[in-house]
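J.: Need coordinates for the below:
(chains A and B)
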Amino acid sequence: MAPHPGISHDSGYVCKLKKALYGLKQAPRAWFEKFSIVISSLGFVSSSHDFALFIKCIDAGRIILSLYVDDMIITGNDIDSISVLKTELARRFEMKDLGYLRYFLGIEVAYSPRGYLLSQSKYVADILERARLTDNKTVDTLIEVNARYSSSDGLPLIDPTLYCTIVGSLVYLTITRPDIAYAVHIVSQFVASPTTVHWVAVLCILRYLRGTVFQSLLLSSTSSLELHAYSNADHGSDPTDRKSVIGFCIFLGDSYISWKSKKQSIVSQSSTEAKYRVMASTTKEIVWLRWLLADMGIYFSHPTPMYCDNQSSIQIAHNLIFHERTKHIEIDCHLTRHHLKHGTIALPFVPSSLQIADFFTKAHSISRFCFLVGKLSMLVVAAS
Amino acid sequence: MHKTDTWDLVSLPPGKSVVGCRWVYKIKTNSDGSIERYKARLVAKEYSQQYGMDYEETFAPVAKMATIHTLITVVLIHQWHISQL
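T.: Below you'll find the model as predicted:
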């Protein structure tokens, strides 16, 4: 590196960095490595299911640290060990103890008798300001039922930068706002060349957000520690390439912890096939979460139910007889069948009206939308 | 910088390029607008670095959001203490 202005040096000499500086491409990696070394020397082990999760098992139980660049959450069942860890980290790095968890990565954490309420209301306000909306309208739903978007609709935007930054922010917002996940998945397909029609869809999301700034996600304190999942697909819903949209959501007790809304990478021939493929994606997530929870000291002795509203897909997973219909989806078959056989998952049937993963695969009427929002434990909290 | 022993002054090895740097100054204010402190940070100009020449691996893991949701739920049900740093 060139010696910085203000340092006296002979010409021809440069600074050979022994440590990373802010702004270097390697800086985040160097920091993570440095932190890993320090935390390992304190007896912590990095989880193999999330490398940024560090765990230390002690006699009294365990201490868990989750790292997000330079922000971290520390928890565990032994307060003394936690304070020892904090003192040690404060000594090694210049770190500030921010006390009880309140504001983490832009997520506000509020306490209520029913549990923790996660929201990003400040972040929403920030997005609305950046988008420079000129009116004060609000809307109740995000995307019209049966609305179909394609990349050729409308006229190309003159400056696509705003579209891209707003969509990028909306993706981050889905952490606590699963209600916008499906709509964001639609608009994010067009960031490469957005048009006026796509921008109208983004404005619709922003107006919906303006009316629901204080919507929060409830993580319940009174539920059980049981996993269950819903998985669903909307067959051939993309009008251009006829690919299906898949969605799943996974709950730990009553708390909603993981979800996905995504267009499949391959065309499915039938609804059954599309739903069968999403079962494989959901299975992967369930297997991962079961491992992750084991790292946190929670073990499951029975299969995790994965609710599906398609009897034929369930039959395919149970029965090896449908060779003609499934020979081309062999790998997905093996994954779901393997975990079904070994008791990691179970495949109960759920009627379509109670299929919560429906939320992530298509647009809904207002009444259905509100019903599903309620099922995801989303509440509106008054401004504090 | 001297205290933390960040660099050595050496002559430039042949075939290597130099990354520029500059000072970034920031005035940290309190919520009422009064000045809390003046902050100076030396930053490297990363845009002059080339993949394969000046650096190779840059990936650093961060916590997954599903992990954070899961962890907070577990903490709630076990009634563990939770804090942030």
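
J.: wait, is residue B:10 part of a strand?
T.: Yes: assigned with DSSP: H, G, I helix; E, B strand; the rest coil, residue B:10 falls within a strand.

J.: Quick check: beta-bridge partners of it?
T.: Beta-bridge pairing for residue B:10 (DSSP bridges): residue A:14.

J.: Tell me who's in contact with it.
T.: By CB atoms under 8 Å, 6 or more residues apart in numbering or on different chains, the residues touching residue B:10 are A:13-16. C-beta: built from backbone N, CA, C; applies to glycine.

J.: which one of those residues is nearest residue A:144?
T.: Ranked by distance to residue A:144 (CB to CB), those are led by residue A:15 at 59.1 Å.

J.: Verify the stated contact: the closest one with residue B:12.
T.: No: using CB atoms under 8 Å, residue A:15 is not in contact with residue B:12; the gap is 10.2 Å.

J.: mind listing what's buried in stretch A:188-205?
T.: Taking 16 or more other CB atoms under 10 Å in any protein chain shown as the basis for neighbour counts, the residues of stretch A:188-205 that come out buried are A:188-191, A:194-195, A:198-199, A:201-205.

J.: Identify the residues contacting that stretch?
T.: Under the contact criterion CB under 8 Å, 6+ apart, stretch A:188-205 has outside partners A:131, A:133, A:139, A:142-143, A:149, A:151, A:153-157, A:160, A:163-164, A:166-167, A:170-171, A:180, A:183-184, A:186-187, A:263.

J.: Name only those of the residues you listed that count as buried.
T.: Buried positions within the contacts of stretch A:188-205, assessed by neighbour count (16+ other CB under 10 Å), are A:131, A:142-143, A:149, A:154, A:157, A:160, A:163-164, A:166-167, A:170-171, A:180, A:183-184, A:186-187.

J.: Adding pLDDT and secondary structure, write the buried residues of stretch A:188-205 out as a markdown table.
T.: Shown next, in a markdown table, are the buried residues of stretch A:188-205 (pLDDT from 0 to 100; DSSP: H, G, I helix; E, B strand; the rest coil):
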| residue | pLDDT | secondary structure |
| --- | --- | --- |
| A:188 | 91 | helix |
| A:189 | 90 | helix |
| A:190 | 91 | helix |
| A:191 | 90 | coil |
| A:194 | 91 | coil |
| A:195 | 91 | strand |
| A:198 | 92 | helix |
| A:199 | 92 | helix |
| A:201 | 92 | helix |
| A:202 | 93 | helix |
| A:203 | 92 | helix |
| A:204 | 91 | helix |
| A:205 | 92 | helix |
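
J.: SS state for the nearest residue to residue A:185 once chain neighbours are set aside?
T.: In space, residue A:185 comes closest to residue A:261 once its chain neighbours are excluded; the distance is 4.3 Å by CB to CB, 6 or more residues apart in numbering or on different chains. Reduced to three states with three-state DSSP, the structure at residue A:261 is strand.

J.: ok, residue B:43 to residue B:10 distance?
T.: Taking CB to CB, to the nearest Å as the measure, residue B:43 and residue B:10 are separated by 21 Å.

J.: repeat for residue A:272
T.: Relative to residue B:10, residue A:272 is positioned 67 Å away (criterion: CB to CB).

J.: what does residue A:48 give?
T.: Distance of residue A:48 to residue B:10, given as CB to CB: 39 Å.

J.: in the stretch 251-384 of chain A, which segments are predicted with low confidence?
T.: A:322-323, A:381-384 (pLDDT under 70).

J.: please redo it, this time with the cut-off set to 80
T.: Screening the stretch 251-384 of chain A residue by residue with the criterion pLDDT under 80, one finds the ranges A:319-327, A:330-333, A:379-384.

J.: mind listing the helices for the chain?
T.: No chain was given, so I picked chain A. A:27-41, A:79-92, A:121-131, A:160-173, A:181-187, A:196-211, A:271-295, A:311-318, A:323-326, A:330-341, A:366-375 (DSSP state H).

J.: Please refer instead to chain B.
T.: Taking DSSP H as the criterion, chain B carries its helices at B:65-78.

J.: how about stretch A:356-369, does it reach chain B?
T.: No: applying CB under 8 Å from any CB of the partner chain, one finds stretch A:356-369 separated from chain B by no less than 14.4 Å.

J.: Would you mind listing the buried residues in that stretch?
T.: Buried residues in stretch A:356-369, defined by neighbour count with 16+ other CB under 10 Å: A:356-364, A:368-369.

J.: for the residues you listed, which one is nearest residue A:321?
T.: Distance to residue A:321 across those (CB to CB) is lowest for residue A:357, with 26.6 Å.

J.: Test my guess that the closest one contacts residue A:245.
T.: No: in this structure residue A:357 lies outside contact range of residue A:245 using CB under 8 Å: 10.8 Å.

J.: what residues does the stretch 51-200 of chain A put near chain B?
T.: When proximity is defined by CB under 8 Å from any CB, the stretch 51-200 of chain A lies next to chain B at A:51-53, A:64, A:66-69, A:71-77, A:79, A:82, A:86, A:89, A:95-102, A:104, A:109, A:115-116, A:118, A:175.
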